[in-house]
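A.B. asks: mind looking at a prediction? Sequence and model below.
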Amino acid sequence: MPQLDMNSEEFKNELIKTEKFTDKVCESRGWVYSANEDVNEGVVMGLARHRLLFGKRFCPCFMVEPDPEKEGKFKSTDDRICPCKPAIEKEIPETGICHCQIFCTPEHKEAQIKEQKAAALAKEEIKKVADKEA
């Protein structure tokens with residue numbers, strides 16, 4: 001697999017284009033980004049990387065391989081090009097979030113935020129108990 005300098009101007013420019021692309025996907029579909037910003041950043045970087053390496057924004061969560069039917073072309077497992085058909089037709093309607101965990105419904109994001117807050121409160125309570133015992 002070819003290497004890519006993620007500090008290059010070429011990659012930085014593609015990253016900006018990909019961020020605009022994912023913004024448009026959210027806007028056009030009524031989706032939002034998930035509450036996990038680290039995952040969102042990683043997926044956007046993966047999409048930009050695949051665009052530069054393979055010519056398409058293949059979902060970064062799936063393998064990309066040479067297409068045996070088209071010389072010099074590539075394909076991904078389940079032909080997952082963002083936004084992929086499984087996310088549009090099944091994953092988001094049924095679970096509220098896509099496999100790559102970047103796009104979700106507003107309701108799913110609200111639930112994620114509540115879970116994050118509850119986890120943070122629980123962690124804080126555990127620390128208070130531990131501090132009292134120490």
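C.D. replies: Cool, got the structure.
A.B. asks: please go through the protein and pick out the longest helix.
C.D. replies: Under DSSP state H, the helix in the chain containing the largest number of residues is helix 106-133.
A.B. asks: in the protein, where is pLDDT below threshold?
C.D. replies: 1-2, 134 (pLDDT under 70).
A.B. asks: show me where it has helices.
C.D. replies: According to DSSP H, the helices that the chain contains are 9-29, 37-54, 85-86, 92-95, 106-133.
A.B. asks: residue contacts, Lys56?
C.D. replies: His50, Phe74, Ile81 (C-beta atoms under 8 Å, 6 or more residues apart in numbering). Where C-beta positions appear, they are placed from N, C-alpha and C, glycine not excepted.
A.B. asks: mind doing that once more with 10 Å?
C.D. replies: By C-beta atoms under 10 Å, 6 or more residues apart in numbering, the residues touching Lys56 are Leu47, His50, Val64, Lys73, Phe74, Lys75, Ser76, Asp79, Arg80, Ile81, Cys82.
A.B. asks: return the members of those residues classed as buried.
C.D. replies: Leu47, His50, Val64, Lys75, Ser76, Arg80, Ile81, Cys82 (16 or more other C-beta atoms under 10 Å).
A.B. asks: determine which two of those residues are furthest apart.
C.D. replies: Maximum pairwise distance among those (C-beta to C-beta): 15.8 Å, between Leu47 and Lys75.
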